[in-house]
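**Q** Predicted model and sequence follow; I will ask about them next.
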Amino acid sequence: MRQGGSPERIRLGSLIAIREAKIAGFSIAEMLVVMLIMSFIVIGVPAIHFKKNEVKTKRSLHGRFECYYNGNTLMSYYVNEEGASETPAVGGEGCKFTPPKNAVYLLIHAVGGGGGGSTFTGSKTVSPKTENNTYTTANDFPEWMREVQGFGKLPLPTTMPPSYVGKRQGSYATIRYGLAGKAGQTQSIFFPKLTNVEITMQPGKGGGLGQPGEATIVKFNGEDVPILKAEGGAGGTGSGDYPMWLDGRGSICQVKELEGRKQNLSDFTDSIEMDENTDMVSRITDIQAGSGGAGGYGNITTDYNVTYTIRAGGTGTDVDVSNYVNKITCDDPSRCEDGTQSDTCAAQAGKNGAVVILW
């Protein structure tokens, strides 16, 4: 028996099958529209979810706590964005502080007491002196003759090659000075969060003359082992001599500014101040916490002058060039660090240590 059908029946069956397939499926355009609608739904779901579940939290208040000495009294200073309070530490057991529960971090800074500067013996000696030398080349000129040369005031040479006789005459001094104490050590520690602790702080005292400063101790809950210990600075030891011409009292600035004698400032306050526009200002940025004391020195409270003359070689005459030599000047050259005016300036004790907590 012959299978299949006529060509007309076969074509008719294929058309019917294609029509049924179109009815059962989607066109590409329809599918793209469906996908676009679904994408809007997917994008919108997270936004709706978070909007429904948003939790409102209050920002934690920032602030500072400082423990420091005001004279011999240990003080506690607390300040945040809502207000401030300052009270003496109670009972001589150091400062105590409980971190706020909503503080998201805690930064503790500590500095040890500074060492005291050393004193000196002998103070100073002052005596007359004359210095008279011949110079044949400008490379040999002392500094004061180079200054005169810079003003164009050298006498005309009378010999070839030219030579000059430089002369200075006046008072010459040897000043005794002590060495400064070292600044206390600065230590810091950071905590992402602290709860259920009481922080106790005992800032170290500054050292007396030539003596080291005490260490600053920070503990949790009064435990024996500190979480932070900033060592005190070493005391200044020994003394030195500084010879110089006394060309007015300003000459003493050469000694006052000697690095080995000057007060060693601590870098502690560089890292404890908050934004300059905040009301939570520090109480200790001006007390030089942890700084080492300056060494003492012999002062000059009497006016002295040096006369400078230059003579061209040969038959030249002495020419006074004192007005063309730069004089050393400074504010209050006879004033000591403690504000007094004296022939001897005393050494300084070291500055007390301190602790600052920021959150």
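**A** Yep, it's here. Residues are numbered from 1 along each chain as shown.
**Q** If we ignore the residues flanking it in sequence, what's nearest residue 182?
**A** Residue nearest to residue 182 in three dimensions, not counting chain neighbours: residue 233, with 3.6 Å by C-beta to C-beta, 6 or more residues apart in numbering. Yep, even glycine has a C-beta here, placed from its N, CA and C like the rest.
**Q** err, residue 131, not the other one
**A** residue 168 (5.1 Å).
**Q** Confirm that the one you found sits in a strand.
**A** Yes: under DSSP: H, G, I helix; E, B strand; the rest coil, residue 168 falls within a strand.
**Q** circling back to that earlier point, right, and the residue nearest to residue 182 touches residue 112 too?
**A** Yes: here residue 233 lies in contact with residue 112, judged by C-beta atoms under 8 Å, at a distance of 6.5 Å.
**Q** Overlap in contacts, the two.
**A** Counting by C-beta atoms under 8 Å, 6 or more residues apart in numbering, the residues touching both residue 233 and residue 112 are 184, 185, 213, 290.
**Q** quick one: contacts for the third one?
**A** In other words, residue 213. Taking C-beta under 8 Å, 6+ apart as the definition, contacts of residue 213 comprise 112-116, 181, 184, 204-207, 232-233, 235, 290, 292, 350, 353.
**Q** Restricted to helices, list these.
**A** Applying DSSP state H to the contacts of residue 213, no entry is found in helices.
**Q** Can you turn the buried subset of those residues into a selection I can paste into ChimeraX?
**A** Remark: buried members of the contacts of residue 213, expressed as a ChimeraX selection using 16 or more other C-beta atoms under 10 Å:
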select :112,113,114,115,116,181,184,204,205,206,207,232,233,235,290,292,350,353
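**Q** Can you report how many residues lie near the residue nearest to residue 131?
**A** 23 (other C-beta atoms under 10 Å).
**Q** Need the pLDDT of it.
**A** The score at residue 168 is 96. That number is its pLDDT.
**Q** And the one 10 residues further on, by the same measure?
**A** Note on residue 178: pLDDT of 96.
**Q** quick one on the thing from earlier: what's the spacing between the residue nearest to residue 182 and residue 285?
**A** Relative to residue 285, residue 233 is positioned 19 Å away (C-beta to C-beta, to the nearest Å).
**Q** separation between residue 78 and residue 322?
**A** 61 Å.
**Q** Over to residue 294?
**A** Residue 294 is 33 Å from residue 322, by C-beta to C-beta.
**Q** and what of residue 108?
**A** Taking C-beta to C-beta, one finds residue 108 at 59 Å from residue 322.
**Q** the more surrounded of these two?
**A** residue 108 (23 against 16).
**Q** Just the residues contacting the one helix or strand that one maps to, thanks.
**A** In the assignment (DSSP states H and E), residue 108 maps to strand 106-111. If you take C-beta under 8 Å, 6+ apart as the criterion, strand 106-111 is touched by 99, 183-191, 193-194, 199, 201, 203, 216, 218, 227-230, 266, 268, 271-272, 289-290, 353-359.
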